[in-house]
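A.B. asks: predicted model and sequence below, questions to follow.
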Amino acid sequence: MSGFSAEWLALREPVDHRSRNLALQAQVIQFLGQVKAIDSGSIHITDLGSGTGSNLRALAPHFGLQQFWTLVDYDADLLQSARTTLIAWADSIVDANEVEPKRTALGLINPIAIRKNSKTIAIEFQCADLVHDYQAILDKPADLITAAAFFDLVAEPWLVQFCAALTQPLYTVLTYNGIEKWSPPEAIDADVLRAFHAHQCTDKGFGAAVGPSGVDRLQSLLQGHGFTTVCAPSPWVMDQHDRALIEQLAIGTARAVRETATLSNATINQWEYARRNARQCDIGHIDLFAYQS
Ligand SMILES: C[S@@+](CC[C@H](N)C(=O)[O-])C[C@H]1O[C@@H](n2cnc3c(N)ncnc32)[C@H](O)[C@@H]1O
């Protein structure tokens, strides 16, 4: 278990999808079209920290007719949920040896092939811990490495090694950048945000996490290895229509801040109460595309 529930990932998925930076996405598609004849040929994509497959569901409709995806996560429950969710999302099933997900000794959950919007999408599920297994994952043939809401979890030393090992283009979206705006404003917003950032930088499995500086570090390390990088904003902009996500975000932020023990419980409770009922909430994210020409 990773601490990211399938329910939380499902709640954020529609907001994630509408927040992605479409201009940058178009640039990625154009790049792949040049190097890979994306419309006619087949394309291999490896998605890091895939959760239940949200990134695939956002991108596959824009890629070519024949796609091969490897979804990588260390949480077997999320990967099994990904398999079930993708079968439900598909227009039809081309091949799913067995309907029920099964885990093999190699950490693979039985693959599926589905059709969606006239595309054939073969999907492999790889249960692997990227802390240790990133090199083996990067060694697999892939035209593109993707990730969503992942690179703020990793630690600087891991990022240094990952960027040194990366040879494929990388497209990572929705990395938290630390900018938050809640409306109406509260006097304690700045204190809560500071404490939340301190929590974001605690160990998420890779060592002390880069947190809100994830994209900046990724960008400068990749540039150091000769990659061209392009960044673009992808903020969550939420209002009354996003009540359920705003409420869970307030609860989750307050829980994280409590763990830092830097603010009184009364202060956090007051903030949580106000934020569960916030009118509007913007959460900053950055999308990044890195490639070598
Ligand atoms: C914020 S969630 C994002 C999930 C998915 N990309 C999405 O956009 O819905 C982060 C994901 O990274 C995965 N993850 C965290 N640490 C990992 C590790 N060491 N190895 C593999 N996956 C990891 C979690 O299990 C979780 O699915």
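C.D. replies: Cool, got the structure. Numbering: from 1, shown residues only.

A.B. asks: quick one: the strands in the stretch 1-150 of the chain?
C.D. replies: For the stretch 1-150 of the chain, applying DSSP state E, counting those that start in this stretch gives strands covering 42-48, 66-73, 92-95, 108-116, 119-127, 144-148.

A.B. asks: the last one pairs with which strands, parallel or anti?
C.D. replies: What it means is strand 144-148. strand 42-48 (parallel), strand 170-183 (parallel) (DSSP bridges).

A.B. asks: so how far is residue 194 from the closest residue to residue 135 other than its chain neighbours?
C.D. replies: Among residues not flanking residue 135 along the chain, residue 165 sits closest, at 5.6 Å (CB to CB, 6 or more residues apart in numbering). C-beta: built from backbone N, CA, C; applies to glycine. Between residue 165 and residue 194 the distance is 34 Å, computed by CB to CB, to the nearest Å.

A.B. asks: then residue 16?
C.D. replies: The value you get for residue 16 to residue 194, if CB to CB is used, is 25 Å.

A.B. asks: and those two? Which one has more around it.
C.D. replies: Neighbours were counted for residue 16 and for residue 194 using other CB atoms under 10 Å; residue 16 has more, 22 against 13.

A.B. asks: so that one sits against residue 59, correct?
C.D. replies: No: taking CB atoms under 8 Å as the definition, residue 16 is not a contact partner of residue 59, at 11.8 Å.

A.B. asks: contact partners for residue 151?
C.D. replies: 159, 172, 175, 210, 214-215, 218 (CB atoms under 8 Å, 6 or more residues apart in numbering).

A.B. asks: about what we covered before: residues contacting the residue nearest to residue 135?
C.D. replies: Here residue 165 is in contact with 134-135, 138 (criterion: CB under 8 Å, 6+ apart).

A.B. asks: and if you look at residue 222?
C.D. replies: 163, 166, 170, 229, 290.

A.B. asks: mark which of those are part of strands, please.
C.D. replies: The strands, defined by DSSP state E, take in 170, 229, 290 from the contacts of residue 222.

A.B. asks: out of those residues, who's nearest residue 184?
C.D. replies: residue 229 (36.6 Å; CB to CB).

A.B. asks: the closest one contacts residue 288, doesn't it?
C.D. replies: Yes: using CB under 8 Å, residue 229 makes contact with residue 288 at a distance of 6.1 Å.

A.B. asks: what do these two both touch?
C.D. replies: Residues touching both residue 229 and residue 288 (CB under 8 Å, 6+ apart): residue 219.

A.B. asks: who has more neighbours, the two?
C.D. replies: Higher neighbour count among residue 229 and residue 288: residue 288, with 25 against 16, using other CB under 10 Å.

A.B. asks: quickly list what the residue positioned nearest the centre of the chain is bridged to.
C.D. replies: Nearest residue to the geometric centre of the chain (CA atoms, centre = their mean): residue 148, 1.9 Å. Applying DSSP bridges to residue 148 gives these bridge partners: residue 173.

A.B. asks: run through the stretch 101-250 of the chain and note the low-pLDDT ranges.
C.D. replies: Within the stretch 101-250 of the chain, the stretches with pLDDT under 70 are 101-108.

A.B. asks: interface residues of it facing the ligand?
C.D. replies: 129-131, 148-150, 153, 205 (CB under 6 Å from any ligand atom).

A.B. asks: of these, buried ones?
C.D. replies: Buried subset of those (neighbour count, 16 or more other CB atoms under 10 Å): 130, 148-150, 153.

A.B. asks: kindly reformat those as a markdown table and extend each row with distance to residue 255.
C.D. replies: Below are these laid out as a markdown table (distance: CB to CB, whole Å):
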| residue | distance to residue 255 |
| --- | --- |
| 130 | 25 |
| 148 | 22 |
| 149 | 18 |
| 150 | 21 |
| 153 | 17 |
